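1. this is a predicted model, with the sequence first.
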Amino acid sequence: MLTTTLIVLGALGVLIVLFLIGTYNKLVSLRNRFQNAYAQIDVQLKRRHDLIPNLVETAKGYLQHERATLQAVIEARNQAAQARQTAAARPGDPAAMQSLSGAEAALTGTLGKFFALAEAYPDLKANQTMSQLMEELTSTENKVAFSRQAYNDAVMTFNTAREVFPNNIVAGAFNFPRAELFAVESAAERQAPKVSFS
C-alpha cells in the first residue's frame, strides 16, 4: 500500500514536472516567435527611415522656401529611428512599443504634410528620382503594415497562451510579462501617407 502511494505520488510529480517543462518551452517558443515578427517590422522601418533623408535631399532644391517642413520631417524621422532602436532591444515591452507607435504616427503625419506640399511643385513631381523614392516608400509602407499584422498576431497568441489557466501560473513564476501590440491609435494614423505624383 505504501509502495503504491509512493508510485502514484512519483508519477504525479513526474507529470507536474513534464507539464511545467512543456508549458515553459511553449511560452519561450511563442515569445521567440513574436520577437522574430518584430524583427521583420524593424527591417521595414529601418528601410523607411533610410529612404526619408533621400526624399528630403531630392526635394531640397525644389522646396527652398519650405525649410521648416523639411526640418520637421528629418526630426520626426530621427525620433522614429531612435524609438525603433529602443523597441528592437525590447520587443513587446509596453513602454517601448507605445513610444514606437507614437513616433511612427508623428512621422506619418509629418510625411503627409511633406507630400501635400510637394504636390504643389510640378518640377518636383516630374523628378524621376523623387518618383522612384516615392514608389519605394509606398512599397515599404505596405510591407510595414503586413509585418505589423504578423507581429500583432504573434503577440496575441503569446498573450493568450500566458494568460490561460494553468499556463498563467508558469508565466508568473518564470517572469513572462505581457507583450504589447504595435497598435496605431487614431484613424488618421492608420492611413499610409498618400503618394501620388501622377
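-> Arrived safely, thanks for sending.
2. now the helices: where do they sit in the protein?
-> All helices of the chain, identified by DSSP state H, fall at 2-60, 67-89, 94-118, 122-126, 128-163, 167-173, 187-190.
3. next, the contact list for the nearest residue to residue 52 once chain neighbours are set aside, please.
-> Spatial nearest neighbour of residue 52, excluding adjacent residues (Cβ to Cβ, 6 or more residues apart in numbering): residue 77 at 4.5 Å. Any C-beta I mention is one placed from the backbone N, CA and C, and that applies to glycine too. Residue 77 makes contact with 49, 52-53, 107, according to Cβ atoms under 8 Å, 6 or more residues apart in numbering.
4. repeat the analysis, applying 7 Å as the threshold.
-> Each residue near residue 77 by Cβ atoms under 7 Å, 6 or more residues apart in numbering is listed here: 49, 52, 107.
5. which one of the residues you listed has the most neighbours?
-> Neighbours here mean other Cβ atoms under 10 Å. Within the contacts of residue 77, the largest count is held by residue 107, at 26 neighbours.
6. and it, what is it in contact with?
-> By Cβ under 7 Å, 6+ apart, the contact set of residue 107 is 76-77, 80.
7. turn these into a markdown table, including pLDDT.
-> A markdown table is the format used below for the contacts of residue 107 (pLDDT from 0 to 100):
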| residue | pLDDT |
| --- | --- |
| 76 | 94 |
| 77 | 94 |
| 80 | 95 |
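8. related to what we said a few turns ago, would you mind measuring from the residue nearest to residue 52 to residue 140?
-> Counting by Cβ to Cβ, to the nearest Å, the gap from residue 77 to residue 140 is 13 Å.
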